[in-house]
Structure formats: C-alpha cells, structure tokens
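Engineer: My questions are about this predicted structure, shown below with the sequence.
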Amino acid sequence: MDGTPARGVLLIDEDVTVSSRIDLPSNLKIQGDGGTISVAGTRTRTFEGDGVENVWIDGIDWNGRRNSHYFGMSMFEGDCANIRITNNVLREASGNFVSFRTRGAGTLQEDIYVGGNVLRNEREPRDDGHGIVWGSDDEGEGRHVLFEGNMLRNYGASQGIGFFANEREGPVGRLEKFAAVGNEILWEGRGRQLGGHGVVAEGNTHRCVLYGNHVEGPDNPFNGLSVTKEGEKNLVVRNYSEVGKSGLTIQNYEFYEPSGPPSHNIFARNLVRNSDAGFHLRNTDTPNAVFQNRFEDCDTDIRLSGSRTSGYWENNGGYAGEVGVPADLGTSVWVQTNDGSWSGAASWSRGSSAPDDPVRVNVSVDRDDG
C-alpha cells in the first residue's frame, strides 16, 4: 500500500497483508474492489487519521486471523470532519472496529457517518474491546455524528456503541447531536466474556438520540441502553433490549468528576424482555420522562437504587401500545406524554462524501408541566 495517493481513490482489488500502522491523509477514499485486508502482528488499529478531513473507507473485507492481539479497523484523532465509514466487514476481530477521540481543548470532530458495517468476531472476546465508539476526556468536543445500521457480533466487554465524555479527574469533553439509529448488537454466549453494554450515552452528553436499536444477549451481564452521569436532554426511543442485567438505565456514578446526575432525558416506547430489571434508576432524583415502555418477563420492572422517580413516569410495564424497533426507521422521531407535559423530537440526515453535504443531527426535549 505504499502507492497510497495524496488525493483521490485507492482501490483494494487484491488480497494484502498489513502488519504496521497506515497513517491516513485527508481527501482520500479507500474502496474495496474484491480484495481482502488481512491484519498481522500486534496492531490494535490498522488505519489512523490524525486531524484529517474528507476521508471515506467503503466496502472492504477485513480479517484479523493473523493478528495476535485484538484489532480494529481505524482510529481518528484530533480535529476531524467529513468522515465516512460504510459497508465494511470485519472478521475474526475482538473489537475496536472504529473509534474517534478528540485531543485537547478546542478540538472538534463533526460530520461523521458510520453505517452499514459488520463486526463479526469469531475469536474469544477481549475484556476491553469496543464496537464503535466516540470519546472525549480532555475538553474536546463532538457534534453531528450518526452511527446507523451497523451489525455487531461478540465484540468484547465494553460498549457496543458508545458516546462518552468523562474523566475521573480534571476537565471533560462535551458531545451533542449524536445519533445511534437502527444498529443490531448480538452476543452469542461464547468464550469467557458473554457481552458488554449495548448502546450508551455516557458522561457529558447532550441532545443525543438512541432510536430503533436492537440489543440482544440474554446471558449478557451488562446493560442494554443507558444514559449516565451528566447526560441531559437525550432521547431513547423505540429500542429493543434483551440482556441479563438492566434493559434500560439512567445512572450516576460518584467516582467520575464532575458527576451528574442525568436529567431531562426521555425514555419512551422501548421494549425490554427477559432482563433482571426492565429499567434501573440509580443515584438520581432529577426529573426525567419514562413512559410507555413495555417490560416482558423481567425480574423487576423498575428498580430504584438510591433514587426516586421525578418528572414523568407513567404507563410503563405492560403498556400495550406501539413499542420496539419500527419497521420503517425513517429519518425522524417524535414522542409526547399523555398530558402533553413532556415532548421530544429528533431528526437526522446522512450527508454524503461531499464536504458541503454534511451529516446533521437535531434533538430537542421540552418540558411544560406548570
């Protein structure tokens, strides 16, 4: 791959083996064209982009069978914009399919689309493997990011899809206007690790939407869909969760500073089956809206740990209305409580590889209860 052009398209039209890091330039499309990339050695990531823009990785078949460590496809750091990761297949990997991380105050990542990819792990999962993750713990920021229609199998024991901005000490980053839409996460119960958290908005997250995702692993001792710590005005709507621990959670953790608790989040019309708890509320008494969720065959419908319900909590448990993953995901969602006191809306656009056609995510949560 020494012939990588500074601009233009690089076709993967034959089988190649990569054993060292490849630094990505800006203004490049890497396109699968019948070839496979095999990853050898101990690399945890193959492609790395530092401060890049206008990068597209599409339609490549990856294989990690010759890698002695868990590996992923790519990591993007620093200021990044107009990044597209689409229609790739990652085989025999333990996790870390693709990750994004800001670096330092003033760093911004935006206009990012990760869609239609498959992470299929046939090896024993590692404890620290992620699926698709964006993170900031150093005052960086992220916005207008869409993870859509990805399929993850046995990726490890961290987060399947995660948005997080937190730190145990010191300043944290901030993320807003993120969307996880129509992703499928499944653990098949093999190996020493049975799973990980499903879809998580963790830490300093604002106006994000988790919509129409399917999280399944009945023996998985982790949570399905969560908002934690300082999460505010996030929407969690029409998801399906079947895990061993808690299907849905709003939680605060004192060991992170600054800590929350989460507030003014909406969880509505989700379906949870066969879980220890349908919903777990931990260490918070702030107002949130939790309504029209259905819990089937859960040991406990709603569990409170050092918490009390505040805001709007109605029509949960056996609610017979429309729940679960919608047949047509579309590009928007709107929910409202029966008394009209809370409403939430979100819309998203996928953009394109052209910088002047960016990803856009908009989320609003309104409360008017007098």
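Structural biologist: Cool, the structure landed.
Engineer: What strands line up against the lowest-mean-pLDDT helix or strand in the chain, and which way round?
Structural biologist: When each helix and strand of the chain is scored by mean pLDDT, DSSP states H and E, strand 61-67 comes last, with a mean of 77. The strands beside strand 61-67 in its sheet (DSSP bridges) come out as strand 36-41 (parallel), strand 89-91 (parallel).
Engineer: Ok, which of the ones you listed comes nearest Pro326?
Structural biologist: Pro326 sits nearest to strand 89-91 of all the strands paired with strand 61-67, at 25.9 Å, using CB to CB. Where you see a C-beta, it was placed from the backbone N, CA and C, and this is true even at glycine.
Engineer: sorry, back to before: just checking, next helix/strand downstream of the least confident helix or strand of the chain?
Structural biologist: Next in sequence after strand 61-67, counting helices and strands by DSSP states H and E, comes strand 72-77.
Engineer: From the contact counts, what lies against that following strand?
Structural biologist: Where contact means 3 or more CB pairs under 8 Å, 6 or more residues apart in numbering; DSSP states H and E, strand 72-77 is packed against strand 45-50, strand 53-58, strand 80-86, strand 98-101.
Engineer: let's go with 10 Å and repeat that
Structural biologist: On a contact count with 3 or more CB pairs under 10 Å, 6 or more residues apart in numbering; DSSP states H and E, strand 72-77 meets strand 36-41, strand 45-50, strand 53-58, strand 61-67, strand 80-86, strand 98-101, strand 108-115, strand 132-136.
Engineer: Return the most buried member of these.
Structural biologist: Stretch with highest mean neighbour count among the helices and strands packed on strand 72-77: strand 132-136 (a mean of 25; mean count of other CB atoms under 10 Å).
Engineer: Tell me the predicted confidence for Gly41.
Structural biologist: Looking at Gly41, its pLDDT stands at 71.
Engineer: State the distance from it to Gly32.
Structural biologist: Going from Gly41 to Gly32 by CB to CB, to the nearest Å gives 22 Å.
Engineer: ok, now Ile185?
Structural biologist: Ile185 is 24 Å from Gly32, where distance means CB to CB.
Engineer: okay, which residue is most central for this structure?
Structural biologist: In the chain, the residue lying closest to the centroid (CA atoms, centre = their mean) is Ile161, at 2.6 Å.
Engineer: Kindly state the beta-bridge partners for that one.
Structural biologist: Ile132, Val199.
Engineer: That one contacts Leu210, correct?
Structural biologist: Yes - counting by CB atoms under 10 Å, Ile161 touches Leu210, with 8.5 Å between them.
Engineer: tell me, what's touching these two both at once?
Structural biologist: By CB atoms under 10 Å, 6 or more residues apart in numbering, Ile161 and Leu210 have these common neighbours: Phe147, Phe178, Ala180, Asn183, Gly198, Val199, Val200, Ala201, Leu225.
Engineer: Let's see if you can find the most crowded of those residues.
Structural biologist: Ranked by neighbour count (other CB atoms under 10 Å), the shared contacts of Ile161 and Leu210 have Gly198 at the top, with 34 neighbours.
Engineer: which residues sit in contact with that one?
Structural biologist: 131, 152, 159-162, 180, 183, 185-187, 210, 213-217, 220, 222-226, 239, 241-243, 247-248.
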